[in-house]
Every structure is written in structure tokens, then in C-alpha cells.
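Participant: Provide a 3D model corresponding to the input given below.
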Amino acid sequence: VDERNVPHASEDSTFRAVKASLFSKVPIPASNIFAILEDLTTKEAAINYEGRLLQISKSILPRGADGVFPVFDLVLLGIGPDGHIASLFPNRPEVSAVSGWVLPVEASPKPPSARITMTLPVINAAKDVVIVALGKSKAEIVERVLEIQSLPGALPAQLVRPSAGKLQWLLDTEAAKNLHIKDW
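Facilitator: Okay, here's the model as predicted:
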């Protein structure tokens, strides 16, 4: 869903982490794994990545009812302490993007600052979206996102609303400890 614009061998590379923890353990053909290309500017990387996704047959990566945005089977997201998801950070212009599949993020408030990210319309077109939050450090942001309405864009996780799919939260006891579920 997002990636830092760093070499694949970098400790900061999401691709490196996912390759080590998942791709190396499951039989996914290399042709089905789309890593960000190295040695491109962030803008070039975003354009290239979107172009590669657009080349995938609609029989494999269908488009939504609007005919524009891809319908992924599953989008798996984490959430940052500021409520960001993917590389969509609070009150940043990328949060309000209504077109395009992949955007460059040039000055991320979280290092490394150069990244690419899928847009909210792409995330919200997915069949299933899961937001994972684990540990006591996530308790406050989980409570804020799920129980306190903020201004649009202030907590990007509140803008995850799959149009034809479903949203699920995967929380452990510590991350859920501040929720007032009985009041829902």
C-alpha cells in the first residue's frame, strides 16, 4: 500500500521486511510481487508503480463500479500514532486526493521522508480492508479514531470506508483497552 523510496537492501525498506517475513515463506511467484523500482525519484517511482498496476489485466485486478479504481481483494493497513494509514498523514494534501492510484510523498513527517502511497480511493475500493493495531502504544489512537469524530483529514484512518467492501479492525487487548464498546 505504501513504500519508502529507499534501496531494497535498506533497513527502512518495507519490501525488505515483507520479503523476509512473508514472501520468503510462501509460494508466491516473483512475477506477482511488485516492489518499488530503485534509483528513481519519488515522483518517478509513483508514476512507474501506478503504470505497472495499470498494466495488470482487468480479469486479474478488476476495476470498481466507477471503472476507474482497482478492486484489491485485501488491503492490510497499520495505523500510526497520529492516525496515519499507508503514507497518508494527517492534514496533508495526499489525504484529499480523489484521482490517481499512487502518489509521491516527498516530505513525510515520519522518516524516511520520500515515499509512495496508494490513494484513499484505491484503499476504499478494496473488497476487504483490515487495520491492525497491536500493543498499549496504540490504545489512544484506536480510541480517537473509533470513538471521537475529528475534522476531515485530521485522522486519515477515519476516512477508510470501503465503498463496496468491508472494514475490519484487528486489535489485541492492549490496543482496545480504552474503547467503550458497551456505549456503541
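
Participant: so where do the strands sit in the protein?
Facilitator: In the chain, the segments counted as strands under DSSP state E are 2-4, 74-78, 102-105, 115-118, 128-133, 166-171.

Participant: pull up the pairing partners for the first one, direction included.
Facilitator: The sheet places strand 2-4 alongside strand 115-118 (antiparallel), with pairing taken from DSSP bridges.

Participant: which residues does Leu54 contact?
Facilitator: Neighbouring residues of Leu54 by CB atoms under 8 Å, 6 or more residues apart in numbering: Trp101. For every residue, glycine as well, the C-beta is placed using N, CA and C.

Participant: just the pLDDT for it.
Facilitator: What the model reports as pLDDT for Leu54 is 97.

Participant: distance of it relative to Val160?
Facilitator: Between Leu54 and Val160 the computed distance is 23 Å (CB to CB, to the nearest Å).

Participant: winner for burial among the strands of the chain?
Facilitator: strand 115-118 (a mean of 28; mean count of other CB atoms under 10 Å).

Participant: how distant is the longest helix anywhere in the chain from the center of its chain?
Facilitator: Criterion DSSP state H: the longest helix present in the chain is helix 42-54. The chain centroid and the centroid of helix 42-54 are separated by 16 Å under CA atoms, centre = their mean, to the nearest Å.
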